[in-house]
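**Student:** Need coordinates for the below:
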Amino acid sequence: MSHIYLLPLTFHRGETENIIYPVLLKDENELILVDCSYPDTMPMLEEAMQKIGFSLSMLTKIIITHHDYDHMGALHEITQKYPQIEVLCSKEQAPYITGKCKSLRLQQAEDLQDTLPEDKKEYGKEFQKLIASVKPVDKVTVIEGGAILPYCGGIEVVDTKGHMPGHISLYVKKEKVLITGDALVIVNGKLYMALPQYALNMEEAKDSVRKLEGYDIETIICYHGGVCDTGVKNRLNEIIAKF
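**Tutor:** Below you'll find the predicted structure:
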């Protein structure tokens, strides 16, 4: 993965550790960030990039897999400081990333609020405030599923809807690497489907994973969990067999 770099960012809530994995893609002309962490974490991103010899000012593009707060939270802050950065996303996600439509995750959280047990209601309200704190950006460039982006030897935009409509993954053909956003996760070193409670359409999410069988994948990078590079095809088959 000579031109693919992980930017692991570690967060703590009490004794719980959470690591997310934004990804950098580099070729001779472009430096592309895939997803960009929580709100107010631009300094953490900058520090992580500087550790491997880059900086946010060098970015040419940011690709957003979907508009969840942990994937686009820092986008507004970054693009305000560096307006030359082009933001790319799917057509379905564009209205949410630009603020023209209400966050689907916020709507889901609001709909579930009254069903929460009393001891979870305050957490539910705080979660809604966090989602609502994400600021939109003014402009995005739409990329279609199936398109081949002319970077890093060719990056295919893979339609992996289900977790959200218009959720995309990225297949770097030359490296046989799939960057999955939240279509898949890694837990304790093992690949799984993303948690069902966060999938807005579980049947579409399953179909999206089935689609991945047709790709020559040696490495999967999950935003939650990091890298799976052993027995990838077998594990995908195991996941699909349980549907």
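
**Student:** which stretches of the chain have low pLDDT?
**Tutor:** 1-2 (pLDDT under 70).

**Student:** Contacts only, for the residue nearest the centre of it.
**Tutor:** A centroid search over the chain (Cα atoms, centre = their mean) returns residue 181, at 3.4 Å, as the residue closest to the centre. Residue 181 makes contact with 34-35, 65-66, 71, 160, 163, 167-169, 223 under the criterion Cβ atoms under 8 Å, 6 or more residues apart in numbering. The way it works is simple: take the backbone N, C-alpha and C, and place the C-beta from them, glycine included.

**Student:** Could you rerun that using 6 Å?
**Tutor:** By Cβ atoms under 6 Å, 6 or more residues apart in numbering, the contact set of residue 181 is 65, 167, 169, 223.

**Student:** ok, and the closest non-adjacent residue to the first one?
**Tutor:** The one in question is residue 65. If you skip the residues right next to it in sequence, residue 65 has residue 181 as its closest partner in space, 3.1 Å away by Cβ to Cβ, 6 or more residues apart in numbering.

**Student:** the domain parsing of this protein - what is it?
**Tutor:** Under the assignment automatic domain parsing, the domains of the chain span 4-100+136-241, 101-135.

**Student:** With respect to burial, which of these scores highest?
**Tutor:** For the domains of the chain, ranked by mean neighbour count under the definition mean count of other Cβ atoms under 10 Å, the leader is domain 4-100+136-241 at a mean of 18.

**Student:** I'd say residue 91 and residue 143 touch.
**Tutor:** No - Residue 91 is beyond contact range of residue 143, at 8.3 Å (criterion: Cβ atoms under 6 Å).

**Student:** My reading is that residue 239 lies in a strand. Confirm?
**Tutor:** No - the assignment for residue 239 (DSSP: H, G, I helix; E, B strand; the rest coil) gives helix, which keeps it out of a strand.

**Student:** State which helix of this structure is the longest.
**Tutor:** In the chain, ranked by residue count with DSSP state H as the criterion, the top helix is helix 118-132.

**Student:** Secondary structure and distance to residue 192 added to the contacts of residue 181, as CSV?
**Tutor:** Supplementary listing: these in CSV, determined by DSSP: H, G, I helix; E, B strand; the rest coil; distance: Cβ to Cβ, whole Å:
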residue, secondary structure, distance to residue 192
65, coil, 17
167, coil, 16
169, strand, 15
223, coil, 13
